[in-house]
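Engineer: following is a predicted model, sequence given first.
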Amino acid sequence: MSETAVPGVKQCFQLKSASVSMTSLELYFFDNDEFETTLRDKISQAPGFFKDIPLIISLERYEGLSSELDFFKIIGTCRRHNIHVIGVRGGNDDQRRLARGASLALLPGGNQRDREIDTGPAADTPAAEAPDSPTPAKIINQPVRSGQQVYAPDGDLIVLAPVQAGAEVLAAGNVHVYGPLRGRALAGIHGAEHARVFCQSLEAELVSIAGHYKISEDLQDNGWKTAVQIQLREDLLVVTPLEKA
């Protein structure tokens, strides 16, 4: 074994938990040509957002035939566009078998997660523990410059300065920008649909909440260069002036 840079280390790696922002592709049916056409259209709307992202294929609303699913074609199409499919969420036994055959990770769907958490009758479960203290917000005092990424993995992110074009701010909770928001803002990155984005001047390249996003061209129709909040209502991003929020 070669010498290591860290004294006392005898193993070549350790396994630790990690929080990673990922995008979910919710698949309703699969046709190879239509899949690639739709993917190209989505990428053309925000090419920087999709470059080299990890992607989860969600089958929780899939209505097509299992026999039509070709994960090798899905993976190949995504790789041609620099998108990396790493796993499948939900799906029935046949669909998950096909995913396993394509060497994809298998993630539980919503109902499966609920069943795993349910450990038995309420009478057998211990009394609920007191809730943990709220996660403190991450506060940034300096401008977030082009090419920089600021990430709050557990709570809100508060930026007391501008977010420049080409910069990216991400949070598990809300994103607050007390200045112009010119880059990309992603709130609720772990799926929190109640998360919101607040800014003093909406000039963003992209805004996303729980995976639902709008690009600059869409945002300019409402509240552009004014103080707004952005929230998710019935799977649509809604922009509201702050004075009317």
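Structural biologist: Looks like it arrived, so ask away. Residues are numbered from 1 along each chain as shown.
Engineer: distance of Ile230 from Ala195?
Structural biologist: 10 Å (C-beta to C-beta, to the nearest Å). (Each C-beta comes from the backbone N, C-alpha and C, glycine too.)
Engineer: and for Ile209?
Structural biologist: 6 Å.
Engineer: the more surrounded of those two?
Structural biologist: Ile209 (26 against 23; other C-beta atoms under 10 Å).
Engineer: residue boundaries of the helices in this structure?
Structural biologist: Listed in chain order, the helices of the chain (DSSP state H) span residues 32-45, 47-50, 71-80, 93-101, 110-117, 216-219.
Engineer: hang on, the earlier thing: any common contacting residues for Ile209 and Ala195?
Structural biologist: Ala187, Gly188, Leu232 (C-beta atoms under 8 Å, 6 or more residues apart in numbering).
Engineer: for Asp31, list the residues it contacts.
Structural biologist: Counting by C-beta under 8 Å, 6+ apart, Asp31 makes contact with Glu68.
Engineer: what is the burial count for Ala167?
Structural biologist: Counted with other C-beta under 10 Å, Ala167 comes out at 22.
Engineer: quick check: it vs Asp154, distance?
Structural biologist: 21 Å.
Engineer: among the helices of the chain, which is nearest Gly147?
Structural biologist: helix 47-50 (10.9 Å; C-beta to C-beta).
Engineer: check which residues of that closest one are buried.
Structural biologist: Phe49, Phe50 (16 or more other C-beta atoms under 10 Å).
Engineer: state the mean pLDDT of it.
Structural biologist: The average pLDDT for helix 47-50 rounds to 74.
Engineer: contact partners of that helix?
Structural biologist: Thr23, Lys42, Ile43, His81, Asn82, Ile83, Arg184, Glu205, Leu206, Ser208, Tyr213.
Engineer: again, only this time at 6 Å
Structural biologist: Ile43, Ile83, Leu206 (C-beta atoms under 6 Å, 6 or more residues apart in numbering).
Engineer: go on, stretch 187-207?
Structural biologist: If you take C-beta under 6 Å, 6+ apart as the criterion, stretch 187-207 is touched by 21, 46, 49, 170-185, 209-210, 213-216, 219, 223-225, 227-232.
Engineer: flag the shaky bits of the chain, pLDDT-wise.
Structural biologist: 1-9, 17-21, 110-133, 244-245 (pLDDT under 70).
Engineer: alright, calling it a day.
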